[in-house]
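Participant: Predicted model, plus sequence, below.
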Amino acid sequence: MSVNRRTLLGAAATAPVWGALPYRSARAQAANTIRIGVLNDQSALYRDISGPGSTQCVEMAVKESGITQSGINVEVVQADHQNKPDVGSTVARQWFDRDGVDVIVDVPTSSVALAVNTLTRERNKVFLNSGAATSDLTGSACSPNTIHWTYDTYMLANGTGGAMVRAGGNTWFFITADYAFGHALERDTTAFVTAAGGRVLGGVRTPFPGTTDFSSFLQQAQRSRARVIGLANAGGDTINSIKQAAEFRITRGGTKLAGLLVFITDVHSLGLEVAQGLVLTETFYWDLNDRTRAFTQRLGNMPGGLRPSMVQAGCYSAVLHYLKAVKEMGAAAAKASGAEAVAKMKAMPADDDAFGQGTIRADGRKIHPAYLFEVKQPSESKGAWDYYKLVATIPADEAFRPLAQGGCSLVRS
Amino acid sequence: MLEDLLFNLQLVALGISNGAFYAMLSLGLAVIFGMLNVINFAHGAQFMMGAFVAWLLLTQLGIGYWPSLLLSPLIVGLVGVAMERLMIARLYKLDHLYGLLLTFGCALVIEGLFRNIFGSSGQRYSAPREFQALDLEFGDFFMPGYRVWVLIAGTTICIATWLVIEKTKVGSYLRAAVERPQLVQAFGINVPLMMTLTYGAGVALAALAGVLAAPVYSVHPAMGANFIITVFAVVVIGGMGSILGAIVTGFLLGFVQGVTDVVYSEASQTVVFVIMAIVLLTRPAGLFGRA
Amino acid sequence: MAEGSLVAGTVGAPAVEKEAVFGFTRAQATAFLVLVAFVVVSPFFLYPVFLMKVLCFGLFACAFNLLIGYVGLLSFGHAAYFGMGAYVTGYAAKAWGVPPEFAILMGGATGALLGLPFGWLAIRRAGIYFAMITLALAQMVYFFALQAPFTGGEDGIQAIPRGTLFGVFDLTSDFTMYWLVAAVFLAGFLLIHRIVHSPFGQVMKAIRDNEPRATSLGYRADDYKLMAFVLSATLAGIAGGTKALVFNIATLTDVHWAMSGEVVLMSLVGGLGTVFGPVVGAAVIITMQNYLAEFGAWVLVIQGGIFIACVLAFRRGVVGEIGHALKVKL
């Protein structure tokens, strides 16, 4: 019998670990407290474009919304989804089920975003996505509880593909990461290139992940004599492609590199010497106009000395607009139904320093202009983070996929 | 015709120049495995540290590429020596799998620390301008001088290591210690010290490859993790414990990948694993291994 | 007997230990009852989704442990079977509307089908080589999962329906789903236990402890190793399939090499080769990940640190240490 008791004691030794995971949280869920969960990548690939910087932007939005003056409390929590859908969906479930979180913000990485999208709809909460690229969020996977705020693959392909051809880059060669995301980017961009009167001369598929040397592919691209080399890849692949393009002087004959998913933090890490001449599309640039500069100024110092990315600015803009809606409908109503809160947001025009004036469509797409930028030469840059010159502005009503084409079920009804 | 030939030649040359990285990394793994019977899972992380230390030397202390080529392997090698003394040395009497698990843990810690400190966007490190003198250019054929240098340096390092192990007295002690550690110990040679130094040397080789790679790839906390699984496959193909096998297989697979890049780019990563499967079926001990 | 294998009933084990029911020693039977009691009672106190995750990974770790604990082979590529099991279950449930019980079995069949050729290749070598080969083969599966149209690439298979069990029980409720997961887990756990204590299991252990001797007795060592490998892959596939239903998703994370590393870590923390260790290890690691979500970038460092600590100072794992202290095999 003594063995028996001691075994039980042994099992009990691990109990403290469990004790902290009650089924329902003891935390009081005050009716006038809105809880915002920032869920993003705090440790890997997308840390610099989202990460702690996004939380900083959300906190600034809370402060500037003036919501506390109307007697509504706001709490911000954050978590790292490690780019793993099951980690992300576990956190989201616990936030909704136990911790009384009303709205989840940011969520880069499409697989995690789609998982959170489904869950948010099930629990009737609010999902303000800024970080993910997939245009499915407002297409086949669209939801009355989700707003896709900052950008998507359709807009990137449209901006870089279409606008680039109009700016003279009419023959293309693609270096495509060999997986669904790369293929989709290539396919969408090809459509815009040909629609604008350009031609695609060829392409090469590069294994993903694991390709570290792109020089062979770049040389095949150069040999095609295309004027534009489209980089249908992301993250480290894009960085290595651009770096090696500079090493092999791919652009010496006037060939342009077009990055289909490049963020300002990537340009920062590459440096102007290497990245100069690269063309890319973003919806926010800190130095675009007086309002974006004012926004960046107010934000102050960011982790790692970075400047805000469009994803982080999107978190600010989305939360500001959400809190505006909450103020009008009252915290209790906003908490009771996420779909109602989102409907309220769709009914109100958006306006903030980061993105200017905008609207939200029935399918959950936030609409604002997009910008085709070219990375400056080192001699043109006047100071820290002076990286882009504006090549073309794609007006808000042309930047995103037309409402009817997305196949969103909310549109027909 | 000539143009096509030159173009293909250039791509193959690039492949072999990448093979130099495989060769250096699998060489380090083979040296460590031969002496310590440990598969060094932290090899990729140490490769990354080599690149990062070079970058730190440049940005923090203004020390350039050439001194870094010596300093960075030295520093990272010393870290390796500490790792061996403090941790790995405690496992020699146990199942070799514990060594694999331990170094896997080390790899996670190192990568995690670098991510915390330096973020994940990658840092830039440029090759000195003088390499442009080595640029090879005829018409469309263009090979940056730095890649030529990688090829020369990589080959030299590999051959030198092989010569040290096969032709010098130190090397003969080493080979003897691998075969019969007790006997060598009885001859008055300090075997534990030799093991420590061997691990340090293997790690230094990885770091040296890291410095060479820094200007080619972005200096990034995950840069080693990208490499290491492929290098493992290279090691399995070559056969463990064979120094020459590691070198030859490394270059050979670089060449094969270079050809695949042109012929069927989609397969240029998988080709290594397919070759591995074929080798396992026909020669389970590897191309150069002893059964 | 090799260090770390603390399982009762091995060849030459004292006859006293064989008295207890179902091949369990008395201590193990007690521990098993505690486990069952915990599985039954805990959903009333703890968050069921979290518990389901623990049970899925617990089964996965047990499957992995079958190979290292009883055959002495350390696989570094078990994510392949787990992940492909998740994909096939998810696809069957979503695209074909297969009922959950069959979808999960299909996940297991996938693990088996994949385990057969991979095992056949990998068992040609042992020890470190075996680990590296399984890692490389799993990497190929990862590339395949990334490319194949049915896996949904990096988006994965999303919104997998849990369906209705036997056409009667609606699994949308976390609580109902929990009982299915618990049943799958306990069945898998007992199956492993049963196999280990069958004549087949005895031969496996004989091969692990002394392969030439087992061969000289007329056992074809490779056949036994392969069977154990396939079995382990099958159970990993079942665990993956169940997880896909619980979380409604199957993604690349499940086939990534980091997942293979995670299951090694779970078994190591719990105690390699112990009966209950993998389950405890899974619980510890998952609980930890839950809390670490707030710590962001330190996840890697802490996980690596645990690896190092376990290997250097804590090789028996939680359960192994408890068993050692109590002088019983758990």
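Facilitator: Cool, the structure landed. Residues are numbered from 1 along each chain as shown, chains lettered A, B, ... in the order given.

Participant: Can you pull out the low-pLDDT segments for the stretch 301-413 of chain A?
Facilitator: A:412-413 (pLDDT under 70).

Participant: How about the residues of it by chain C?
Facilitator: Within the stretch 301-413 of chain A, no position lies close to chain C (CB under 8 Å from any CB of the partner chain). Every residue, glycine included, has its C-beta placed from N, CA and C.

Participant: Around chain B, pick out the residues from the stretch 301-413 of chain A.
Facilitator: When proximity is defined as CB under 8 Å from any CB, the stretch 301-413 of chain A approaches chain B at A:Gly304.

Participant: repeat for the stretch 101-250 of chain C
Facilitator: Counting by CB under 8 Å from any CB, the residues of the stretch 101-250 of chain C near chain B are C:121, C:124-125, C:127-129, C:131-133, C:135-137, C:139-140, C:143.

Participant: Which one of the residues in the stretch 301-413 of chain A is closest to chain B?
Facilitator: A:Gly304 (5.4 Å; CB to the nearest CB).

Participant: ok, now which ones touch the closest residue to that residue other than its chain neighbours?
Facilitator: The shortest distance from A:Gly304 to any non-neighbouring residue, by CB to CB, 6 or more residues apart in numbering or on different chains, is to B:Gly119 (5.4 Å). Residues near B:Gly119 by CB atoms under 8 Å, 6 or more residues apart in numbering or on different chains: A:47-48, A:304.

Participant: Look up how far B:Phe52 lies from B:Gly119.
Facilitator: Distance of B:Gly119 to B:Phe52, given as CB to CB, to the nearest Å: 12 Å.

Participant: any residue of the helix or strand containing A:Asp237 up close to chain B?
Facilitator: Assigned by DSSP states H and E, A:Asp237 belongs to helix A:235-247. Yes: for helix A:235-247, a contact with chain B is found by CB under 8 Å from any CB, at A:236, A:239-240, A:243-244, A:247.

Participant: Now do that helix, average pLDDT.
Facilitator: The pLDDT scores in helix A:235-247 average 87.

Participant: Give me the buried entries from the residues of the stretch 101-250 of chain C next to chain B.
Facilitator: C:121, C:125, C:127-129, C:131-133, C:135-137, C:139-140, C:143 (16 or more other CB atoms under 10 Å in any protein chain shown).

Participant: is it possible to export those to a markdown table including pLDDT?
Facilitator: Converted to a markdown table, these look like this (pLDDT from 0 to 100):
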| residue | pLDDT |
| --- | --- |
| C:Leu121 | 87 |
| C:Arg125 | 80 |
| C:Gly127 | 79 |
| C:Ile128 | 78 |
| C:Tyr129 | 80 |
| C:Ala131 | 85 |
| C:Met132 | 81 |
| C:Ile133 | 84 |
| C:Leu135 | 86 |
| C:Ala136 | 84 |
| C:Leu137 | 87 |
| C:Gln139 | 85 |
| C:Met140 | 85 |
| C:Phe143 | 84 |
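
Participant: Keep these, but drop any that are not near chain A.
Facilitator: C:Phe143.

Participant: May I ask which two of the buried ones among the residues of the stretch 101-250 of chain C next to chain B are separated the most?
Facilitator: Pairwise distances across these peak at 25.7 Å for C:Gly127 and C:Phe143 (criterion: CB to CB).

Participant: need the helices for the stretch 1-150 of chain B, in chain order.
Facilitator: For the stretch 1-150 of chain B, applying DSSP state H, counting those that start in this stretch gives helices covering B:2-36, B:43-61, B:65-86, B:96-118, B:145-167.

Participant: winner for burial among those helices?
Facilitator: For the helices of the stretch 1-150 of chain B, the largest average neighbour count (mean count of other CB atoms under 10 Å in any protein chain shown) is found in helix B:43-61, namely a mean of 24.

Participant: where along the stretch 151-291 of chain B do the helices fall?
Facilitator: Counting by DSSP H, counting those that start in this stretch, the helices of the stretch 151-291 of chain B are B:169-179, B:181-186, B:191-213, B:223-238, B:243-263, B:270-282.

Participant: The stretch 101-250 of chain C too?
Facilitator: Counting by DSSP H, counting those that start in this stretch, the helices of the stretch 101-250 of chain C are C:127-147, C:174-196, C:199-209, C:211-216, C:221-247.
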